[in-house]
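# return atomic coordinates for the entry below.
(2 chains, ligands or ions: 1)
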Protein chains: 2
Amino acid sequence: MTEPQASAVDLFPDAPDLARRVAFILEIDKLKQVLRRTLLLDASRVENDAEHSWHMATMALVLHPYAEPGTDLLTVLKMLLVHDIVEIDAGDTYVYDAAASQTQAEREERAAERLFGLLPEPHAHDLREVWRAFERRDTREARFARAIDRLQPLLHSYHTEGRVWRQNAVAAADVRRAMAIIGDSSPRLATLAEDMISDAERRGLLR
Amino acid sequence: MTEPQASAVDLFPDAPDLARRVAFILEIDKLKQVLRRTLLLDASRVENDAEHSWHMATMALVLHPYAEPGTDLLTVLKMLLVHDIVEIDAGDTYVYDAAASQTQAEREERAAERLFGLLPEPHAHDLREVWRAFERRDTREARFARAIDRLQPLLHSYHTEGRVWRQNAVAAADVRRAMAIIGDSSPRLATLAEDMISDAERRGLLR
Ligand SMILES: [Ca+2]
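Residues are numbered from 1 along each chain as shown, chains lettered A, B, ... in the order given. A predicted model of the protein is given here:
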């Protein structure tokens, strides 16, 4: 193939609002390269934040009947779609890594400023608030989104014979502590989580 | 690491509804392994359907002000989150591959039966209807979702110097034909698409 000519075109001469939205869309492509600890279910590779975010949003769609009554699904989906975007700058923090967790909040706050700030107002502010609500966990929607965010890696670890848990010598007590927030949104999903943890403990997948 | 004991536990003795929802959630993990033609923006690899679905849903969130007035965002997000799931069974069909496109509808209809059928009713029916509406393009929500579904790979091809277009000797006329439906939802996004196509043509990225 011959090398193409460079573009000299301004696609948005009269549309700064659209230009900013497209810049955001192009920037967040990088989320596909932020790797997590969680394995795909066939254990062939770890997953990335973009496909993880899709999986969680689709889980929320399907598990919504188990959320607190009145939980607004649109708000939950927005949260789950955007909440990991800060990891483009701040990186993924493993939930059982205490040292990294200490600096996580500050790193992610700076990332939220920059990344959502690519968007025009009031959309930048809106998405930053959606992200902060997720972190604060003070609405039904945030409690459900956070429950899904905990349940997804638990399902994956449980169904891949606890490989990542065993590699990191994770303790059942630490998983129980991390999963406790599920019950604030959904007693039935909390029971499911506890049943998986107990079974994993019995089988030696957790220490 | 020692090999773990197999599980003999039934996690859902009294919850067939939840069992089916979790079976669906585990099955759709496979979407992370369905590869597309589209490159990531840094051209390091092709993207998969799961991260693509996340990118489109987040695009819809951000470009919603450019959709037809009254377009319901929640319905659009559901469509974009679930519409590619059929490709777990039916595979990805490249939009400029005429032969594969002929058998696509039938392969995808069978896939929709099986995959959404993992869910309990009425949810299985609901998601199958959401998927069919996307295919039929007869609602505002479907027109916007389909516009996003066309715009996302166009943005990627344009911003990776048309590498996939050049490898497949794609014609500008074919891209224009594929992109025409964008205008049914959003005149401004249709203009953006045409500006990118014209520029790509001028630079020799499209034949
Ligand atoms: Ca996270």
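# now the spatially most central residue of chain A. Nearest residue, chain neighbours left out?
Centrality entry for chain A: nearest residue to the mean C-alpha point is A:Asp84, 4.5 Å, by CA atoms, centre = their mean. Nearest residue to A:Asp84, sequence neighbours excluded (CB to CB, 6 or more residues apart in numbering or on different chains): A:Asp49, at 4.5 Å. Any C-beta I mention is one placed from the backbone N, CA and C, and that applies to glycine too.
# that neighbour reaches A:Asp92, doesn't it?
Yes - counting by CB atoms under 8 Å, A:Asp92 is a contact partner of A:Asp49 at 6.5 Å.
# select the longest strand from chain A.
Longest strand in chain A by number of residues (criterion: DSSP state E): strand A:35-39.
# what distance separates it from the middle of the whole chain?
11 Å (CA atoms, centre = their mean, to the nearest Å).
# where in chain A is pLDDT low?
Chain A contains residues with pLDDT under 70 at A:1-8.
# swap in 90 and give it another go.
Residues of chain A meeting the criterion pLDDT under 90: A:1-14, A:37, A:91-105.
# where do the helices of it begin and end?
A:16-27, A:49-63, A:73-82, A:87-90, A:98-116, A:123-136, A:140-159, A:163-167, A:172-179, A:182-185, A:187-202 (DSSP state H).
# in the third one, what counts as buried?
Read that as helix A:73-82. A:73, A:75-82 (16 or more other CB atoms under 10 Å in any protein chain shown).
# give me the subset of those touching chain B.
With CB under 8 Å from any CB of the partner chain as the criterion, the buried residues of helix A:73-82 include A:73, A:77-78, A:81-82 near chain B.
# just curious, which of those residues is nearest to B:Glu27?
When these are ranked by distance to B:Glu27 (CB to CB), A:Leu77 comes first, at 20.3 Å.
# could you check how far the closest one is from A:Met56?
For A:Leu77, the distance to A:Met56 equals 9 Å [CB to CB, to the nearest Å].
# coming back round to it: name the residues contacting each of A:Asp49 and A:Asp92.
Common neighbours of A:Asp49 and A:Asp92 (criterion: CB atoms under 8 Å, 6 or more residues apart in numbering or on different chains): A:34-36, A:84.
# now for the residues you listed: which two are most distant?
A:Leu35 and A:Asp84 (11.9 Å).
# contacts for stretch A:125-132?
Stretch A:125-132 has contacts (CB under 8 Å, 6+ apart) with A:75, A:78-79, A:82-83, A:85-86, A:112-113, A:116, A:119.
# what's the burial count for the residue nearest to A:Asp84?
When counting by other CB atoms under 10 Å in any protein chain shown, one arrives at 25 neighbours for A:Asp49.
# for it, what are its contacts?
Neighbours of A:Asp49 in contact, by CB under 8 Å, 6+ apart: A:31-32, A:34-36, A:84, A:87, A:92.
# write a PyMOL command that selects only the buried members of those residues.
Those of the contacts of A:Asp49 that count as buried under 16+ other CB under 10 Å are selected in PyMOL with:
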select buried, chain A and resi 31+32+34+36+84+87+92
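# coming back round to it: so the longest strand of chain A versus helix A:49-63, what angle?
If you take axes from the mean of the first three to the mean of the last three CA atoms, to 10 degrees, strand A:35-39 sits at 50 degrees to helix A:49-63.
# is strand A:35-39 in proximity to chain B?
No - for strand A:35-39, no contact with chain B is found by CB under 8 Å from any CB; the gap never falls below 10.0 Å.
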